[in-house]
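Participant: This is a predicted model, with the sequence first.
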Amino acid sequence: MKEIQVGLIGLGTVGCGLVKVLEDNSEILKERLGVPLRLKRVVDIDLESPRPVSVPRKILSTQVEDILADEEIRIVVELIGGMEPAKTFLLEAMKRGKHVVTANKALLAVHGNELFAAAREHQVNIAFEAAVGGGIPLIRTLREGLVANRVGHIYGILNGTANYILTRMAREGTTFADALKEAQAQGIAEADPSLDVEGVDAAHKIAVLSSLAYCCEIDFNQIHTEGISQIDPSDIQFAKDFGYQIKLLAISRSDGDRIEVRVHPTMIPQEHMLAKVEGAYNAIHISGDAVGDVMLYGLGAGMMPTGSAVASDLVDLGRDLLVGSGVRIPPLACEGEALVPRQIKPMDELVTNYYFKFSAVDQPGVLSKISGILGNHDISIASVIQKGRQVKGSVPLVMMTHEARERDVRLALAEIGDLKVVTAPTRLIRVENREAVDED
Ligand code: HSE
């Protein structure tokens, strides 16, 4: 084979990043792969909008069939995002014996089981390094570098928009709404930021990482997902007073036959490395039984980092094609028969530490009423802060608990919410304490 011919569907930000990486770094890519990677055809429904790269007119098309029907094109890259028609394009490409590359974490999270089954059936590969963590080689780390490990946990800061907003709130004391406006002005947050700030994007990503880490099929709908839009500056200040930072954490943890997979604002100790990850950066902390702790850090989005990740997939698949090895490394690191559904532990059974912020009238006996209900539900208080009146007639009453069970917490907070002295819904933030973060 004198070259590896590639078809690209989708000339958006990531597609342009791929085109630029292939152009700018064509020499080193050729040296490393041994033959050139040639972008033979680029398909997009919009060929007129201005773009930061120029693509020769003769390779542009609006028809996906121009890629699918071309037998010389051995790898199809899908960078259009969304569910359909991306899924159909990938399935069709695999049916025709082509390897595929995608950056589409939403599609992999929701329809990954079907796509991976199709890849096995047609004996082709699916590469998706750009789907999680942008330019950070997370997928390859889990699939290859840590293949000899049982993964204990993954803690990820996987959404740059949310991390940027939380960083601004922590540094400047700004509100969520103001920090979001700033992120939008900087081009970090989308015009509709809901998938990012409500945790859905991070949930897509941790679903993909969990499948890889635990060699299992995941039911995306079972992943508990909470975002950061309800966090206010006082929560961030109270967290600091207790020695914590608030991060939108995507957590995956092995628990016997089941796994925990959840995304929510989380208090982590200020001295933990993840607490120091600021701005739009992503980071992931993985514990392996043989390797110990591993942490990766970098840009989780952007044209060039993501283009770099897609190009790395092309080189990997290109190498397999050159030696005619078929699917040398299965996409989820394990062979088909080893891939089993694994139940996600229900949130009610979660045991962790909690932060509660109650809004209560400032009168004698309130603290004892609240703590009495907590005690009745087996929830033990570790510390309490009550500061001066902030809202006329009510005060924030803040508590950190020892480990408690989520079902008990839910029942206790419902009972507390019914008290006449409680004036607003209680804020709950889960806490990963130092032992849990560092030593499982
Ligand atoms: N919108 C994502 C983020 C990047 O803010 O991290 C793409 O997954």
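Facilitator: Here it is on my side, so go on. Numbers count the residues shown, from 1 in each chain.

Participant: tell me the contacts of the residue lying farthest from the centre of the chain?
Facilitator: Ranking residues of the chain by C-alpha distance from their mean position (CA atoms, centre = their mean) puts Pro364 at the top, at 45.1 Å. With contact set as CB atoms under 8 Å, 6 or more residues apart in numbering, Pro364 has no partners. All C-beta atoms are positioned from the backbone trio N, CA, C, and that covers glycine.

Participant: Checking the nearest residue to Arg74 once chain neighbours are set aside next. Helix, strand or coil?
Facilitator: Using CB to CB, 6 or more residues apart in numbering and skipping the chain neighbours, the partner closest in space to Arg74 is Leu321 (5.6 Å). Under DSSP: H, G, I helix; E, B strand; the rest coil, Leu321 falls in the helix class.

Participant: Counting neighbours, what do you get for the single nearest residue of the stretch 201-350 of the chain relative to the ligand?
Facilitator: The nearest approach of the stretch 201-350 of the chain to the ligand comes at Ala301, 3.6 Å away (CB to the nearest ligand atom). Residue neighbour count, defined by other CB atoms under 10 Å, stands at 21 for Ala301.

Participant: For the stretch 201-350 of the chain, which segments count as strands?
Facilitator: In the stretch 201-350 of the chain, the strands defined using DSSP state E, counting those that start in this stretch lie at 216-217, 224-225, 244-255, 258-269, 281-288, 292-299, 340-341.

Participant: which one of these has the lowest average pLDDT?
Facilitator: Lowest mean pLDDT of those: strand 340-341, a mean of 80.

Participant: which parts of the stretch 151-300 of the chain sit against the ligand?
Facilitator: Within reach of the ligand by CB under 6 Å from any ligand atom, the stretch 151-300 of the chain has these residues: 159-161, 196, 201, 300.

Participant: Kindly recompute the last result at 8 Å.
Facilitator: Residues of the stretch 151-300 of the chain lying close to the ligand by CB under 8 Å from any ligand atom are 158-164, 188-190, 195-196, 201, 205, 280, 282, 300.

Participant: Show me those that map onto helices.
Facilitator: 160-164, 195-196, 201, 205 (DSSP state H).

Participant: Most neighbours among those residues, which one?
Facilitator: Neighbour counts for those, by other CB under 10 Å, peak at Ala162, which reaches 30 neighbours.

Participant: Skip the chain neighbours and tell me the closest residue to that residue.
Facilitator: Leu248 (4.2 Å).

Participant: And Gln5, by the same measure?
Facilitator: Leaving aside its sequence neighbours, Gln5 sits nearest to Lys40 (CB to CB, 6+ apart; 4.4 Å).

Participant: now do Asp196
Facilitator: Thr161 (3.8 Å).

Participant: Next up, the contacts around the one you found.
Facilitator: Contacts of Thr161 by CB under 8 Å, 6+ apart are 183, 188-190, 193, 196-197, 201, 280.

Participant: can you check Leu428 too?
Facilitator: Taking CB under 8 Å, 6+ apart, we find Leu428 in contact with 354-356, 409, 413.

Participant: Tell me how many other residues crowd His153.
Facilitator: With other CB under 10 Å as criterion, His153 counts 21.

Participant: then the one helix or strand it maps to to CSV, C-alphas only?
Facilitator: For His153, the enclosing helix or strand under DSSP states H and E is strand 151-157. The C-alpha trace of strand 151-157 is given here as CSV (Å, rounded to 0.1, in the frame of the first residue of the first chain):
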residue,chain,number,x,y,z
VAL,A,151,-9.1,-0.1,37.4
GLY,A,152,-10.3,0.9,40.8
HIS,A,153,-11.6,4.3,40.0
ILE,A,154,-11.7,7.1,37.4
TYR,A,155,-12.2,10.7,38.5
GLY,A,156,-12.5,13.0,35.6
ILE,A,157,-12.8,16.7,35.0
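
Participant: My guess is Gly160 contacts Asn282. True?
Facilitator: Yes. Counting by CB atoms under 8 Å, Gly160 touches Asn282, with 5.9 Å between them.

Participant: which residues do the two both contact?
Facilitator: In terms of CB under 8 Å, 6+ apart, Gly160 and Asn282 are both contacted by the residues 134, 299-301.

Participant: List just the nearest of those to Ile218.
Facilitator: Checking the shared contacts of Gly160 and Asn282 against Ile218 by CB to CB gives Gly300 as the nearest, at 20.2 Å.

Participant: related to what we said a few turns ago, looking just at contacts, which helices and strands does the strand holding His153 meet?
Facilitator: If contacts are counted by 3 or more CB pairs under 8 Å, 6 or more residues apart in numbering; DSSP states H and E, strand 151-157 sits against helix 200-214, strand 244-255, strand 281-288.

Participant: Out of these, which one sits most buried?
Facilitator: helix 200-214 (a mean of 27; mean count of other CB atoms under 10 Å).

Participant: list the helices and strands it packs on?
Facilitator: Applying 3+ CB pairs under 8 Å, 6+ apart, we find helix 200-214 packed against helix 105-122, helix 138-140, strand 151-157, strand 224-225, strand 244-255, strand 258-269.

Participant: Check the average confidence over that helix, would you?
Facilitator: For helix 200-214, mean pLDDT is 97.

Participant: okay, the angle between that helix and strand 281-288?
Facilitator: Comparing the axes of helix 200-214 and strand 281-288 via axes from the mean of the first three to the mean of the last three CA atoms, to 10 degrees yields an angle of 30 degrees.

Participant: ok now helix 200-214, how far from the chain's centre?
Facilitator: 6 Å (CA atoms, centre = their mean, to the nearest Å).

Participant: and the nearest residue to Ser61 once chain neighbours are set aside, what does it touch?
Facilitator: Residue nearest to Ser61 in three dimensions, not counting chain neighbours: Val43, with 5.0 Å by CB to CB, 6+ apart. Residues near Val43 by CB under 8 Å, 6+ apart: 7-11, 60-64, 66-67.

Participant: Report the beta-bridge partner residues of Val43.
Facilitator: Judged by DSSP bridges, the bridge partners of Val43 are Ile9, Ser61.
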